[in-house]
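Trainee: Structural data only, the sequence is not supplied:
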Ligand SMILES: [Mg+2]
């Protein structure tokens with residue numbers, strides 16, 4: 001309570017990144033005249049998630065993730081004759097063109113705008129994230145976008161949150177609330193730094209994190225009960 005700044009994660013919290021990834025995956029392979037099916041998408045999804053988890057845990061770098069992702073996936077699928085770099089470029093293009101929002105996100109942000117300093121805290125590719133916010137028409141609601149690629153550190157790294165505090169001019173961490181769907185990146189990261197946190201858990205998953213969230217909500221509109 002008594003918050004003046006709300007720090008929103010983007011993917012899986014404000015924007016439906018799963019929908020973006022899903023559509024871009026099929027569009028990208030279609031662009032290269034390869035018919036992808038659900039099973040192939042599921043294999044990619046599992047592989048991609050494991051890479052992002054390794055990045056969150058500091059086991060690989062962002063550069064390694066993007067360098068290895070498509071070459072390794074194409075190899076595992078036995079697909080040859082496609083330049084993985086071109087594939088990745090096309091995939092990013094698809095992602096940046098997707099602006100499906102999570103249920104209630106637009107209404108929530110519009111109702112909070114003007115009452116709080118709203119900021120985005122995201123692990124992601126800067127050009128993709130900026131374009132999606134602009135295309136969704138919500139970019140102007142945010143005072144600052146703190147994108148890990150530009151900061152040089154990922155959530156939950158302490159140094160990422162140090163940058164958030166500085167960029168958003170947060171003197172006392174207790175005046176800011178982190179809202180996100182990742183127990184590691186958002187909740188553990190934010191709590192370790194001294195921020196209160198709100199776990200957005202739309203699928204009602206069991207808690208299995210390293211730091212307990214201050215609040216948990218299953219719908220974004222429930223945030224009105226907290227702030
Ligand atoms: Mg997220």
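Mentor: On my side now, so go ahead. Just so we're clear, the structure is a prediction, and the values are computed from it rather than from any experiment.

Trainee: Around the ion, which positions in this protein sit nearby?
Mentor: Applying Cβ under 5 Å from the ion, we find that the chain lies next to the ion at 9, 11, 12, 181, 182. Where C-beta positions appear, they are placed from N, C-alpha and C, glycine not excepted.

Trainee: Settle this for me: residue 60 is touching residue 51, isn't it.
Mentor: Yes - applying Cβ atoms under 8 Å, one finds residue 60 in contact with residue 51, separated by 6.9 Å.

Trainee: Overlap in contacts, those two.
Mentor: Counting by Cβ atoms under 8 Å, 6 or more residues apart in numbering, the common neighbours of residue 60 and residue 51 are residue 68.

Trainee: residues near residue 85, how many?
Mentor: 12 (other Cβ atoms under 10 Å).

Trainee: can you give me the strands in the protein?
Mentor: 5-8, 117-122, 144-147, 176-180, 196-200, 215-217 (DSSP state E).

Trainee: and among the ones you listed, the most buried is which?
Mentor: strand 176-180 (a mean of 27; mean count of other Cβ atoms under 10 Å).

Trainee: With adjacent residues omitted, what lies nearest to the residue of the chain found nearest the ion?
Mentor: Closest residue of the chain to the ion, Cβ to the ion: residue 12 (3.5 Å). On the basis of Cβ to Cβ, 6 or more residues apart in numbering, the spatially nearest residue to residue 12 that is not a chain neighbour turns out to be residue 181, at 4.0 Å.

Trainee: From the contact counts, what lies against the longest helix seen in the chain?
Mentor: Criterion DSSP state H: the longest helix present in the chain is helix 38-56. If contacts are counted by 3 or more Cβ pairs under 8 Å, 6 or more residues apart in numbering; DSSP states H and E, helix 38-56 sits against helix 17-31, helix 62-77.

Trainee: cutoff 6 Å now
Mentor: Counting contacts by 3 or more Cβ pairs under 6 Å, 6 or more residues apart in numbering; DSSP states H and E, helix 38-56 is packed against helix 62-77.

Trainee: which helices and strands does the helix it packs on pack with?
Mentor: Using 3+ Cβ pairs under 6 Å, 6+ apart, helix 62-77 sits against helix 38-56, helix 84-96.
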